[in-house]
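Peer 1: what follows is a predicted protein model with its sequence.
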Amino acid sequence: MSDLPAVPISAPKSTWSPLWTAVTALALTVPVLGISAQAADGANPAGGAHGGASASPGASTSTSTSEPAANPSKPHDPVKAAKAAPAHAPVPAASAATQPQPTSADIIATAPATAWREVDPDSLLIMTLPQGEAYIELAPRFAPRHVDNIRALARGGYWDGLAILRVQDNYVTQWGDPDADDEDTGTKGKARPFPTGAAPHLPAEFDVPLKGLPLNVLPDVDGWAPQAGHVDGFPVAADPKTGRAWMAHCYATVGAGRGNDVDSSTGAELYVVIGHAPRGLDLNITVVGRVLRGMEDLSSLPRGTGRLGFYDKPEQRQTITRITLASALPADQRPQLQVLRTDTPTWQALLHARRHRGGWFVHSPEHTEICSAAAPVRNKPTDVKLEKIVSPESRR
């Protein structure tokens, strides 16, 4: 796609057309896994049993911690593995039915407290729409200047009362100022002013140095980059030859819209991927985070009837009630979210379960990739200890 024009995500007019027409023509409409813990394991689309052999409610499930870490220099090859297996494998002492392997749901449900990390309230955006809330975790490790600007915009109430501008099927939902400066028509001067502390111009932040990055590389082959894995739960691709790494465009990825100039994004206009992962956008746009909760509200909005999914009538736009940082709320009102860490044996066990499917699945893919291996999210458990009430009868 190197011969395509620049990526004008923030331009609400015809500057979108050349690239988006080419990209969306190649898009495939396929089911995308959700990112919540509840959707981590494949379900029977016909309404049958849950994918994999699940343990019964209340049954204990052990998770192996001896699984080797992913080796990026030796990607997993199921064909070679099958050839290397002995011709006559030993017969197990008991059938698979009596020794069920833990499913994704089992592993998530039994993950120890140390396998989860808490989301920093200063990096958690709460987007309130009439139909619900969406929680967006920002990624300052990958886009520090944009994240700082987004924080300043949120603290200043910049998005309050603005709108969802565009919903393109199998692509993106985009929001910002309907009256923002338009480089296509030359319209200027109607945009909402930035609050104090927000910069009107930022450098592009498409990638970061790979050296020193705690990237947990998947052994599975990625068609878009030499390496792919996760950092802090975010999907990340990398190229050891160039020494660079970048956040990937997966379902629920949030990016900063820009015009034709590579340094024209500020974080004031944002979009979230609501369809098949448009990985061709990688390294072309600054990615700022991902949606942890609330994708159902952002992906189910009415599709825009205008070109590229823009709403061509003001009354079609969805008004944004408010976007704020969790850190701006009183401590007892902040969402208490946790993300499964992607640097633990629990994560490796979860990836193994996603590669090797059983139960309802007739065919096991023996493969996973960064966009289908989304890190699960949960509410922080609350330990409630109730005093035992001793009745007078029990004392007798």
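Peer 2: In hand now; what should we look at?

Peer 1: where do the helices sit along the stretch 101-250 of the chain?
Peer 2: 104-109, 144-155 (DSSP state H, counting those that start in this stretch).

Peer 1: can you list those in JSON lines and add distance to residue 252?
Peer 2: C-betas here are computed from N, CA, C, even on glycine. Formatted as JSON lines, the helices of the stretch 101-250 of the chain follow (distance: least, C-beta to C-beta, whole Å):
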{"stretch": "helix 104-109", "distance to residue 252": "17"}
{"stretch": "helix 144-155", "distance to residue 252": "17"}
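
Peer 1: closest one to residue 347 among those helices?
Peer 2: In terms of C-beta to C-beta, the element of those nearest to residue 347 is helix 104-109, at 9.1 Å.

Peer 1: before we move on, back to that, any idea which of the helices of the stretch 101-250 of the chain is most buried?
Peer 2: helix 104-109 (a mean of 23; mean count of other C-beta atoms under 10 Å).

Peer 1: may I have that one as CSV, with CA atoms only?
Peer 2: Taking C-alpha atoms only, helix 104-109 is exported to CSV below (Å, rounded to 0.1, in the frame of the first residue of the first chain):
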residue,chain,number,x,y,z
SER,A,104,-9.9,-19.6,28.0
ALA,A,105,-12.8,-18.9,30.3
ASP,A,106,-11.4,-21.3,32.9
ILE,A,107,-7.9,-19.6,32.8
ILE,A,108,-9.4,-16.1,33.2
ALA,A,109,-11.7,-17.2,36.0
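
Peer 1: what's that helix packed up against?
Peer 2: helix 345-355 (3 or more C-beta pairs under 8 Å, 6 or more residues apart in numbering; DSSP states H and E).

Peer 1: one step back: out of the helices of the stretch 101-250 of the chain, flag the one nearest residue 231.
Peer 2: Here helix 144-155 is closest among those (C-beta to C-beta), at 14.2 Å.

Peer 1: got the contact list for residue 166?
Peer 2: 12, 172-174, 271, 304, 308-311 (C-beta atoms under 8 Å, 6 or more residues apart in numbering).

Peer 1: gap between the closest residue to it other than its chain neighbours and residue 126?
Peer 2: Leaving aside its chain neighbours, residue 166 sits nearest to residue 174 (4.1 Å; criterion: C-beta to C-beta, 6 or more residues apart in numbering). To residue 126, residue 174 is 19 Å away according to C-beta to C-beta, to the nearest Å.
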